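Visitor: sharing a model prediction with you, sequence too.
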Amino acid sequence: MPEHGLLNLQIDHLDELQRRYESALNEHGFDGVLIASGAAPYRYGDDQRWHFQGYGPFLHWTGLTGREHSWLLIRTGETPILWLHEPVDFWHATLPRPEEPWLERMIVHTLAEAEPPSLPACGELAVLGDPAQIGSVPGNHNPEALIQTLNETRVRKTAYEVECLAEANRRALKGHEAARKVFQEGASEFEISLAYQQATGQREADAPYHSIIGVNAHAGTLHYQYYDTARPDASRSLLIDAGVRYRGYCSDITRTTAGEGERRFAALIHGLDQLQQRLCTMVTPGTDYADIHQKAHQGVAALLSASGLVTGLDDQVMVDEGITRAFFPHGVGHFLGVQVHDVSGKPKPASKDSPNLRMSRQLEEGMVVTIEPGLYIIPSLLDPVLEGPLGKHIDTSLVAELRGCGGIRIEDNVAVTVDGPRNLTRG
């Protein structure tokens with residue numbers, strides 16, 4: 001989308017947020033809400049601070065990820081007031097203020113000090129943010145009922161938000177292609193990370209989450225967090241789970257690549273990719289997200305059977321007896337927005353057989369979710385099954401062969417529309 005079109009959508013986005021927030025304030029008896037952007041705390045026993053990315057509600061309105069000690073005041077029937085912390089500082093640079101139309105829809109002040117602003121008369125005021133930052137501000141701090149209602153304002157994305165998420169996907173895909181290329185050239189995990197950052201033009205610290213880059217057996221650790229600097233002796237597999245943050249909005253994409261000669265593993269990737277695309281077609285209004293999760297387990301069971309990893313068992317028996325959970329232990333996805341695991345996904349607990357599922361809602365127009373089935377060789381999960389009565393149905397020689405490849409995950413970001421799913425990752 002051309003930049004001017006996106007900026008026009010942002011104005012509509014702010015108007016819609018004003019309506020949603022005014023409704024929430026009226027519902028809970030508040031006249032206004034003051035939102036703190038947050039600030040990075042110091043590491044314990046050190047003079048260095050953690051990297052900062054901002055508090056969700058502040059990003060929802062502004063998209064300004066690097067603005068510490070800044071504040072936003074929303075009042076019923078009033079123009080929003082934004083205080084941006086812009087100190088005179090020779091130690092650190094101050095981010096330039098964007099020259100964009102949305103700032104003209106707010107009253108903008110500068111704060112020289114890292115202190116709360118002097119507020120106009122607000123009536124009954126709610127104050128949201130890190131308790132360490134808002135402690136001295138008068139008002140009702142982080143009222144739970146209001147926060148729950150405001151979290152709901154992030155569930156159904158505006159057109160502006162969807163386009164930001166789409167652009168975050170486009171940028172991340174460039175990184176995934178660069179990562180795949182250098183992996184095939186024998187690169188180390190560290191070199192793959194550098195290639196991803198170079199292609200996306202984004203520092204690791206500014207990414208929406210720490211990229212998961214697992215080569216060979218490391219791909220079997222779901223949130224593998226280290227990067228080997230040494231090149232592998234043989235590049236059998238790559239699992240990369242990495243995104244980009246654009247105007248505050250996150251992409252969250254996973255791709256798995258088989259190394260040269262890994263025909264059996266490549267066939268499993270192909271099978272899981274076909275399953276993943278079928279699951280994406282279920283992202284429609286009215287669908288219970290838990291049903292997509294259950295279809296994922298049924299699809300994994302069929303893939304285990306077709307590949308010969310599991311024999312002599314009906315697919316549904318594999319699901320009912322927990323065999324699929326040993327190969328696919330996580331949920332099929334989650335909400336996506338200004339947080340990677342965006343808020344309000346679980347208004348009710350997930351079912352007992354899906355404890356790690358992050359979504360327990362029916363899908364509605366405007367929601368954006370991830371769809372990410374997986375299939376892994378994880379010894380700590382498979383060994384108990386192998387040692388039990390059902391272990392005889394699992395081909396241990398094939399498990400041993402695939403163990404060095406770790407696992408497979410394929411993840412797209414999909415918007416729910418009245419016309420069907422819009423896959424933001426595959427275009």
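Guide: It's in.

Visitor: what sits against the residue nearest the centre of the chain?
Guide: Centroid-nearest residue in the chain: residue 340, 2.1 Å away (criterion: CA atoms, centre = their mean). Applying CB atoms under 8 Å, 6 or more residues apart in numbering to residue 340 gives the contacts 208, 209, 243, 250, 252, 334. C-beta: built from backbone N, CA, C; applies to glycine.

Visitor: if we use 6 Å, what do you get?
Guide: When contacts are counted by CB atoms under 6 Å, 6 or more residues apart in numbering, residue 340 touches 208, 209, 250, 252.

Visitor: between those residues, which sits nearest residue 325?
Guide: Nearest to residue 325 out of these is residue 252 (CB to CB; 22.2 Å).

Visitor: let me see the backbone angles for the nearest residue to the closest one once chain neighbours are set aside.
Guide: Counting by CB to CB, 6 or more residues apart in numbering, residue 252 lies nearest to residue 243, which is 4.6 Å off, once chain neighbours are set aside. Note on residue 243: its backbone torsions stand at phi -140, psi -170 [degrees, to the nearest 10].

Visitor: from residue 164, how far off is residue 243?
Guide: Residue 243 is 12 Å from residue 164, where distance means CB to CB, to the nearest Å.

Visitor: same question for residue 303.
Guide: Separation of residue 303 from residue 164 (CB to CB): 34 Å.

Visitor: and what of residue 217?
Guide: Per CB to CB, residue 217 is found 36 Å from residue 164.

Visitor: same drill for these two, tell me which one is more crowded.
Guide: The neighbour count for residue 217 versus residue 164, taken as other CB atoms under 10 Å, is higher for residue 164 (27 against 18).

Visitor: so is that one in a helix, a strand, or just coil?
Guide: helix (DSSP: H, G, I helix; E, B strand; the rest coil).

Visitor: need the contact list for it.
Guide: Residues in contact with residue 164 (CB under 6 Å, 6+ apart) are 246, 247, 249.

Visitor: could I get those as JSON lines with neighbour count, distance to residue 187 and secondary structure?
Guide: Converted to JSON lines, the contacts of residue 164 look like this (neighbours: other CB atoms under 10 Å; distance: CB to CB, whole Å; DSSP: H, G, I helix; E, B strand; the rest coil):
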{"residue": "246", "neighbour count": "23", "distance to residue 187": "26", "secondary structure": "strand"}
{"residue": "247", "neighbour count": "21", "distance to residue 187": "30", "secondary structure": "coil"}
{"residue": "249", "neighbour count": "30", "distance to residue 187": "29", "secondary structure": "strand"}
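
Visitor: for residue 7, state which of the residues you listed is nearest.
Guide: The shortest approach to residue 7 among the contacts of residue 164 belongs to residue 247, at 10.3 Å (CB to CB).

Visitor: residues touching that closest one, list them.
Guide: With contacts defined as CB under 6 Å, 6+ apart, residue 247 is in contact with 63, 164.

Visitor: can you report phi and psi for it?
Guide: With angles defined as degrees, to the nearest 10, residue 247 sits at phi 50, psi 40.

Visitor: so it versus residue 160, what's the distance?
Guide: In this structure, residue 247 and residue 160 are 9 Å apart, going by CB to CB.

Visitor: go on, residue 390?
Guide: As for residue 390, its distance to residue 160 is 50 Å (criterion: CB to CB).

Visitor: if we can go back for a sec, need the contact list for the residue nearest to residue 252.
Guide: 172, 208, 250, 251, 252, 253 are the contacts of residue 243 under CB under 6 Å, 6+ apart.

Visitor: so which residues of this structure form helices?
Guide: For the chain, the helices defined by DSSP state H cover 3-28, 56-62, 131-134, 144-152, 159-184, 189-200, 263-280, 289-307, 315-320, 323-327, 379-387, 396-403.

Visitor: and of these, who's closest to residue 235?
Guide: Minimum separation from residue 235 across those (CB to CB) falls at helix 159-184, 6.0 Å.

Visitor: outline the domain layout of this structure.
Guide: According to automatic domain parsing, the chain is divided into the following domains: 3-152, 159-423.

Visitor: in JSON lines: those domains, plus mean pLDDT.
Guide: Listed next are these as JSON lines, based on pLDDT from 0 to 100:
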{"stretch": "domain 3-152", "mean pLDDT": "96"}
{"stretch": "domain 159-423", "mean pLDDT": "97"}
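
Visitor: highest mean neighbour count out of those?
Guide: Burial of the domains of the chain is given as mean neighbour count (mean count of other CB atoms under 10 Å); domain 159-423 ranks first at a mean of 19.

Visitor: where's it relative to the chain centroid, distance-wise?
Guide: Mean C-alpha position of domain 159-423 versus that of the full chain (CA atoms, centre = their mean, to the nearest Å) differs by 12 Å.

Visitor: endpoints of it, how far apart?
Guide: End-to-end distance for domain 159-423: 15 Å, by CA to CA, to the nearest Å.

Visitor: repeat for stretch 388-406
Guide: For stretch 388-406, the first-to-last residue distance is 22 Å (CA to CA).

Visitor: can you check stretch 194-205 too?
Guide: Stretch 194-205: ends 12 Å apart by CA to CA.

Visitor: do the same with stretch 341-351
Guide: In stretch 341-351, first residue to last residue: 19 Å (CA to CA).

Visitor: and what of stretch 179-196?
Guide: 5 Å.

Visitor: which outside residues touch that stretch?
Guide: Residues outside stretch 179-196 that contact it (CB under 6 Å, 6+ apart): 175, 178, 213, 215, 227-231, 235, 238, 240, 242, 257.

Visitor: same check on stretch 201-218?
Guide: For stretch 201-218, the external contacting residues (CB under 6 Å, 6+ apart) are 51, 189, 192-193, 223-224, 232, 236-245, 250, 340, 404, 406.

Visitor: and stretch 107-125, by the same measure?
Guide: In contact with stretch 107-125 (CB under 6 Å, 6+ apart) are residues 30-32, 69, 71, 79, 81-83, 85-87, 137, 139.
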